[in-house]
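>>> Need coordinates for the following:
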Amino acid sequence: MAPNSYLPLAVVVVSLILAGNAVASHHDYHDALRKSILFFEGQRSGRLPTDQRIRWRRDSALNDGASDGVDLTGGYYDAGDNVKFGFPMAFTATLLSWSIIDFGKNMGGELGNAVRAVKWATDYLLKATAHDGVIYVQVGDPVSDHSCWERPEDMDTLRTVYKIDRGNPGSDVAGETAAALAAASIVFRSRNPAYSRLLLSRAIKVFDFADRHRGAYSSSLSEAVCPFYCDVNGYQDELLWAAAWLHKASRRREYREYIVGNEVVLRAGDTINEFGWDNKHAGINVLLSKEVLMGRAEDLRSFQLNADAFICSLLPGNFHLPQVQYSPGGLMFKAGGSNMQHVTSLSFLMLAYSNYLSHANHHVPCGRAPATSSILKSLARRQVDYILGDNPMRMSYMVGYGVRFPLRIHHRGSSLPSVVAHPSRMGCKDGTSYYLTQNPNPNLLIGAVVGGPNTSDAFPDSRPFFQESEPTTYINAPLVGLLAYFSAHP
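Model (predicted):
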């Protein structure tokens, strides 16, 4: 047995907080919260509203869907390109909604902006699911788009429309869309009851489609979605994820029965320490555990045991468990690109679960060392503080927050002159020199959190290093909840 296999977790947490000589400091979490929500306005597609706050953006993609005779304007560009990928957009909406459901009471004056950020996504998802037997899951040819470096306002790349239907299923993207609509229906339940009912009824319909016509959208639309947002993990987790949110939103017993009846068939116990746009297992377990911890759902106990195991896998020092790795400076690290998506998503689950544990007066048994709610909150705060500047690089990874932050993010709109500064059209290749220059981006995409440093805590701040320098909506969505909580509990 390794001599430090069972170090007291309090000692491990302190050592992690001090890792990389990062000096803990007080952060203005509310300012970071405001900026993290503002970021979504920079990602808007379609006709912008009069209260648009990121002023260097203008209307874009106003004919999306016209080639198929449908209106698919609106929604979000997922990252630094100009494609609307439905899978990560729906996940973004789900996590924004969950952030509001659990932490909206901590958002203060930013709650209205967070709700509007959800609605910008769900208005689009309602358009994408408006026709029976068809779900529109993507607008824009990614190969055409990625061969150009141009502003969304100037787009002349192919705006191809991609859809799933009965003959070409996509239970993964349909399941995530149903989850997003169901979660958002909770957000709007008291704010806009009619809209909430529309969201829930559409979620039920979309879930039924996803479950009846099973298959992965990567098989149906492989050339369009792979390798960009290819579903590597399979569609089974999205069906359970959607059912979990429908259970929470509707309180219909049929969804609880579906979850219990399909737990084994849909592999609920697989990869329990993964959570992101492609893999929902840890999220399913944490979401369903709240009822178990409150003593209201003994038939869901296995999900709570999975959630406990997930929490233990995040704790440094438990060497007998499959474990999330940490950089020398204390940042969670998982293989693959855009590491901050893992940091914010996993930290969000850790914080949400810590609240459920606290309310139930419960802790997680991890070997000989119990993980308490306070320990989990400390670990989640450590990740947030790293993002905001407590790291070996002494820089914030949120654009516009702190004294030093990324200046050359991989983002077309941010890196090219705005329409105000350069009114004439810029074509496909006209932006190449701006992409290659070492000059800072001319437009600050306030609140954007980039993919982040590598395993040794180094960060290149260079556009071509897209895995490190590109922001995404699904990095920010769970961070909104984290920042809301810590702004109220500094």
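
>>> From the chain's centre, how far out is the one helix or strand L351 maps to? Work that out for me.
L351 is part of helix 340-360 when elements are defined by DSSP states H and E. Helix 340-360 has its average C-alpha position 13 Å from the chain's average C-alpha position, going by C-alpha atoms, centre = their mean, to the nearest Å.

>>> just stretch 416-433 next, same as before
In this view, stretch 416-433 has its centroid 30 Å away from the chain centroid, taken as C-alpha atoms, centre = their mean.

>>> got it, and stretch 80-89?
When C-alpha coordinates are averaged (C-alpha atoms, centre = their mean), stretch 80-89 and its chain have centres 12 Å apart.

>>> So what would you say the end-to-end distance of it is?
One end of stretch 80-89 sits 14 Å from the other (C-alpha to C-alpha, to the nearest Å).

>>> follow-up on the earlier one: for the helix holding L351, enumerate the helices and strands it packs against.
Counting contacts by 3 or more C-beta pairs under 8 Å, 6 or more residues apart in numbering; DSSP states H and E, the secondary-structure elements packed against helix 340-360 are helix 86-103, helix 281-293, helix 301-314, strand 332-333, helix 373-388, helix 473-488. C-beta: built from backbone N, CA, C; applies to glycine.

>>> let's see 6 Å
Identification of packing neighbours for helix 340-360 by 3 or more C-beta pairs under 6 Å, 6 or more residues apart in numbering; DSSP states H and E yields helix 281-293, helix 373-388, helix 473-488.

>>> Point out where the stretch 251-400 of the chain drops to low pLDDT.
318-322 (pLDDT under 70).

>>> The closest residue to S313 other than its chain neighbours: which element?
Counting by C-beta to C-beta, 6 or more residues apart in numbering, the nearest residue to S313 once its immediate chain neighbours are dropped is N273, at 4.0 Å. Assigned by DSSP H and E, N273 belongs to no helix or strand.

>>> how near is N273 to M332?
Computed with C-beta to C-beta, to the nearest Å, the distance linking N273 and M332 is 11 Å.

>>> okay, the nearest residue to I101 once chain neighbours are set aside: pLDDT?
In space, not counting the residues next to it along the chain, I101 is nearest to I186; the distance is 5.5 Å by C-beta to C-beta, 6+ apart. Per-residue confidence for I186 comes out at a pLDDT of 98.

>>> Begin at 47 from now on, thanks
Happy to do that; since the first residue is 47 now, the last one works out to I232.

>>> Check which helices and strands the strand or helix carrying I232 is in contact with.
Here I232 is covered by helix 217-233, with elements defined by DSSP H and E. If contacts are counted by 3+ C-beta pairs under 6 Å, 6+ apart, helix 217-233 sits against helix 132-149, helix 157-174, helix 239-258, helix 282-296.

>>> which other residues reach that helix?
Residues lying outside helix 217-233 but in contact with it, judged by C-beta atoms under 6 Å, 6 or more residues apart in numbering, are 132-133, 136-137, 139-140, 143-144, 146-147, 164, 168, 171, 181, 183, 242, 245-246, 248-249, 252-253, 255-256, 260-263, 277, 281, 284-285, 287-288, 291-292, 295.
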